[in-house]
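Novice: After the sequence you'll find the predicted model.
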Amino acid sequence: MQTETVTLAPFEAHHLDGALALSRAAGWAHRREDWKMIWSISEGRVALAGDRVVGTALMTPFGNTCSAINMIIVDESQRGRGLGRQLTSAVLELAGDRECRLTATSDGLPLYEKLGFVATHQVVRHQGVVGRVDTPENVGWIGPDDALPAIKALDRAAFDADRDALHDALAKEGPFAVVRNGDNIVAFAATRSFGIGEVVGPVVAENAERARDLIAFILSGKEGRFVRIDIPEQSGLSSLLEGWGLPHEGGVVAMARGATAGSQTPKVRTFVLASQALG
């Protein structure tokens, strides 16, 4: 039987519907809006069999020093031909000299290790229908126009890279939850619609107590809704999330390639990821 010809091409807006069909077939929760948000701040490649999208990969640049490699999917009919490696290699070329970060399932680990990625930590997914959560008094909502400069600075300190474009995109989704010390914003959390419900993240704070208060504040207004939260395993928040109705439902391995040690210990940490795709 003749093998179908597959070519790689730049990932453009008219490929989004094909990418959505691909992710749905793979069992992913993403809506078209979720794809569009990530694509809008990324560069990518698609694999095409004729006009049909049979593979995707994106590279989300975080300034000139870091990037996230994400949304890597290969149609089931095309697996076993090295297409996943071709797509990943193609977006690694787009990343240039940037450090590259990604999250991997157990199936993807061998490929990423061959491409020079090293495991750094586990990422745990919690999701479910939110139960009753008390509202903390030290957290409030703030509009993006008033908060973005401080939020971007906090995220840059925690993530050690410039994710300004991501936060500009998140600002279009609604207000941020923040903790203040006097007039200064010292911790923040974002939330947005995602998949069949909503997602919380990123959450950046100095300590787990402030992170807990930010998450509790957001969840206290979402009782009965389906919410997803992705956390680094070492965040120490798993038992708390389970008590609020969000059980542990799997996870992935965070990996990096070309990582360099930070110049100093950050005063704030990322307690909740923006998503598995975006770190």
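Specialist: Yep, it's here.
Novice: can you pull out the strands in the stretch 101-250 of the chain?
Specialist: Assigned by DSSP state E, counting those that start in this stretch, the strands in the stretch 101-250 of the chain fall at 118-129, 139-142, 176-181, 184-194, 197-205, 226-232, 248-257.
Novice: starting at the chain centroid, how far to the first one?
Specialist: The gap between the average C-alpha position of strand 118-129 and the chain average comes to 11 Å, counting by Cα atoms, centre = their mean, to the nearest Å.
Novice: what is the mean pLDDT for it?
Specialist: For strand 118-129, the mean pLDDT works out to 97.
Novice: rewinding a little: turn the strands of the stretch 101-250 of the chain into TSV, columns for mean neighbour count and distance to Leu22.
Specialist: For glycine as for every other residue, the C-beta is placed from the backbone atoms N, C-alpha and C. Listed next are the strands of the stretch 101-250 of the chain as TSV, based on neighbours: other Cβ atoms under 10 Å; distance: least, Cβ to Cβ, whole Å:
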stretch	mean neighbour count	distance to Leu22
strand 118-129	17	21
strand 139-142	16	36
strand 176-181	20	32
strand 184-194	20	18
strand 197-205	24	21
strand 226-232	23	20
strand 248-257	17	19
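Novice: how is the chain carved up into domains?
Specialist: Domain assignment for the chain, taken from automatic domain parsing, gives 7-97, 126-272.
Novice: Give the full set of residues in contact with the nearest residue to Val268 once chain neighbours are set aside.
Specialist: Closest residue to Val268 apart from its sequence neighbours, by Cβ to Cβ, 6 or more residues apart in numbering: Ala158 at 4.7 Å. By Cβ atoms under 8 Å, 6 or more residues apart in numbering, the contact set of Ala158 is Val204, Pro266, Val268, Arg269, Thr270.
Novice: Show me what the spatially closest residue to Ala205 that is not a sequence neighbour is bridged to.
Specialist: Distance criterion Cβ to Cβ, 6+ apart; nearest residue to Ala205, sequence neighbours excluded, is Ala187 at 3.7 Å. Assessed by DSSP bridges, Ala187 has beta-bridge partners Val179.
Novice: so where's the stretch 151-279 of the chain shaky on pLDDT?
Specialist: For the stretch 151-279 of the chain, applying pLDDT under 70 flags the ranges 261-264.
Novice: redo that, cut-off 90
Specialist: Filtered on pLDDT under 90, the stretch 151-279 of the chain yields the residue ranges 174, 250, 259-266.
Novice: Look at Ala259 and say how many residues are nearby.
Specialist: Using other Cβ atoms under 10 Å, Ala259 has 15 neighbouring residues.
Novice: Tell me how far it lies from Leu154.
Specialist: According to Cβ to Cβ, to the nearest Å, Ala259 stands 21 Å off from Leu154.
Novice: What of Glu173?
Specialist: From Glu173 across to Leu154, the span is 18 Å (Cβ to Cβ).
Novice: Repeat that for Val91.
Specialist: Using Cβ to Cβ, Val91 is found at 28 Å from Leu154.
Novice: swap in Asp107?
Specialist: Applying Cβ to Cβ, the value for Asp107 to Leu154 is 35 Å.
Novice: neighbour count winner among those two?
Specialist: Leu154 (25 against 8).
Novice: any idea how far Ser42 is from the more buried one?
Specialist: In terms of Cβ to Cβ, Leu154 sits 23 Å off from Ser42.
Novice: Please apply the same query to Leu20.
Specialist: For Leu20, the distance to Ser42 equals 15 Å [Cβ to Cβ].
Novice: With Pro61 instead?
Specialist: Using Cβ to Cβ, Pro61 is found at 8 Å from Ser42.
Novice: Compare those two and say which one has the larger neighbour count.
Specialist: Ser42 (23 against 20).
Novice: wait, that one sits on Phe62?
Specialist: No. Counting by Cβ atoms under 8 Å, Phe62 is not a contact partner of Ser42; they are 10.6 Å apart.
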